[in-house]
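> quick one, what's the 3D model for this:
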Amino acid sequence: MFRKINWDALGVTASLACAIHCAVLPLLFTSLPFWGIDFITNKVFEYAMIGVAFLIGVIALSHGYRKHHHRLYPILIFATGFVFLLIKECFLVIETPLLIAAVLLILTAHYLNYKLCRGHNHAHKEDCDH
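The predicted structure is shown next:
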């Protein structure tokens with residue numbers, strides 16, 4: 001009855017939701033501040049979205065690392081993407097290129113983790129717990 005959560009799919013979804021929020025919503029909702037609705041430029045909302053995406057990504061990638069492939073490079077690519085995402089919050093002049101780089105790196109990390117989890121040959125290390 002219960003299904004296992006595909007954390008990589010959830011991570012990709014969160015990353016895409018973040019990209020849509022950052023790229024499309026400001027274009028569509030530029031008139032919202034006129035009516036006093038200001039969640040798009042709200043820093044708390046921005047950092048909350050980043051935090052949720054980071055949490056989901058860490059869970060997905062750590063699960064793949066610990067239980068399946070034991071490869072560190074998806075985590076390193078993911079971390080690099082999040083560094084770009086955080087830098088984007090500080091340097092608004094180059095926000096778009098940093099956002100594109102961040103999203104591509106985060107999606108790449110989830111894709112690689114997914115492929116490594118599905119393609120490993122069950123040759124587990126001593127520390128593997130399954």
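> gap between the host helix or strand of Thr80 and the chain center?
Using DSSP states H and E, Thr80 sits in helix 73-90. The chain centroid and the centroid of helix 73-90 are separated by 9 Å under CA atoms, centre = their mean, to the nearest Å.
> quick check: what element follows that helix along the chain?
Trace forward from helix 73-90 with DSSP H and E and the next one is helix 95-119.
> what's that following helix packed up against?
helix 7-23, helix 43-64, helix 73-90 (3 or more CB pairs under 8 Å, 6 or more residues apart in numbering; DSSP states H and E). For glycine as for every other residue, the C-beta is placed from the backbone atoms N, C-alpha and C.
> how confident was the prediction at Phe2?
With respect to pLDDT, Phe2 scores 58.
> mind listing what's buried in stretch 74-88?
Neighbour counts over stretch 74-88 (16 or more other CB atoms under 10 Å) mark 74-75, 77-82, 84-85, 88 as buried.
> out of these, which is nearest to Tyr47?
Leu85 (10.4 Å; CB to CB).
> give me the average confidence score over the helix holding Thr80.
92.
> same question, stretch 110-127
Here the average pLDDT along stretch 110-127 is 72.
> chain neighbours aside, what residue packs nearest to Ile94?
Lys88 (7.9 Å; CB to CB, 6 or more residues apart in numbering).
> cool, and Phe78?
The shortest distance from Phe78 to any residue other than its chain neighbours is 3.7 Å, reached at Ala109 (CB to CB, 6+ apart).
> could you do Ala23 as well?
Ala23 sits nearest to Leu99 (CB to CB, 6+ apart), 6.8 Å away.
> give me the number of residues near the closest residue to Glu89 other than its chain neighbours?
Among residues not flanking Glu89 along the chain, Glu46 sits closest, at 6.5 Å (CB to CB, 6+ apart). Glu46 has 18 neighbouring residues, counting by other CB atoms under 10 Å.
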